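Student: I need the structure of the sequence given here:
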Amino acid sequence: MLFTLSHGFVLLHPDRGIYVGRSADRTYWSKLGAAGRNVVAAFPSRAEAMVHLDAWLGCRLSPDELSQFSCHHVMVDVPGGWASCWALRVAGLEEHIGELAHPCWDNPMGQC
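Tutor: This next block holds a predicted model:
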């Protein structure tokens, strides 16, 4: 099966970085703890990204805090709806990649 590039949107927060994904009880961000990942979740539209954000974090954040989040257009270059560090760099998000660019991040001490 051949995978073709598509487009999507990633969530960005100026302090947390790029939204990586979530588990049952935690969200992961490129600048705060990327859980050893080197790809991030990409959403098919801005609206779906914001719905996801609101459903996951909306009840825990004030309107001022929610207003700090933004969506950015990226190429989805990993099957399953993920964007790689390369796609994030192409989209101009280099300064927000943080831990995603460091494969050794997930060591026992929790940092490189």
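Student: lowest confidence element among the helices and strands of this structure?
Tutor: Least confident element among the helices and strands of the chain, by mean pLDDT, DSSP states H and E: helix 63-66 (a mean of 80).
Student: show me what it is packed up against.
Tutor: helix 46-57 (3 or more Cβ pairs under 8 Å, 6 or more residues apart in numbering; DSSP states H and E). Just so you know, the C-beta spots here come from the backbone N, C-alpha and C atoms, and that holds for glycine as well.
Student: any buried residues in the helix it packs on, and which?
Tutor: A49, M50, H52, L53, L57 (16 or more other Cβ atoms under 10 Å).
Student: now swap in stretch 60-76 and tell me
Tutor: By neighbour count with 16+ other Cβ under 10 Å, stretch 60-76 contains the buried residues F69, C71, H72, V74, M75, V76.
Student: and of those, the nearest to R22?
Tutor: Of all the buried residues of stretch 60-76, R22 sits closest to F69, with 14.3 Å by Cβ to Cβ.
Student: any idea how far V78 is from that closest one?
Tutor: The gap separating F69 from V78 is 22 Å, by Cβ to Cβ, to the nearest Å.
Student: ok, now R60?
Tutor: The separation that R60 has from V78, given Cβ to Cβ, amounts to 29 Å.
Student: for S6, which non-adjacent residue is closest in space?
Tutor: Excluding the flanking residues, the one nearest S6 by Cβ to Cβ, 6 or more residues apart in numbering is V76, at 4.6 Å.
Student: verify the stated contact: the one you found with A42.
Tutor: Yes - applying Cβ atoms under 8 Å, one finds V76 in contact with A42, separated by 4.7 Å.
Student: low-confidence ranges, the protein, go.
Tutor: Residue ranges of the chain with pLDDT under 70: 1-5, 57-59, 102-112.
Student: center of the protein, which residue is that?
Tutor: Centroid-nearest residue in the chain, with Cα atoms, centre = their mean: Y19, separated by 2.6 Å.
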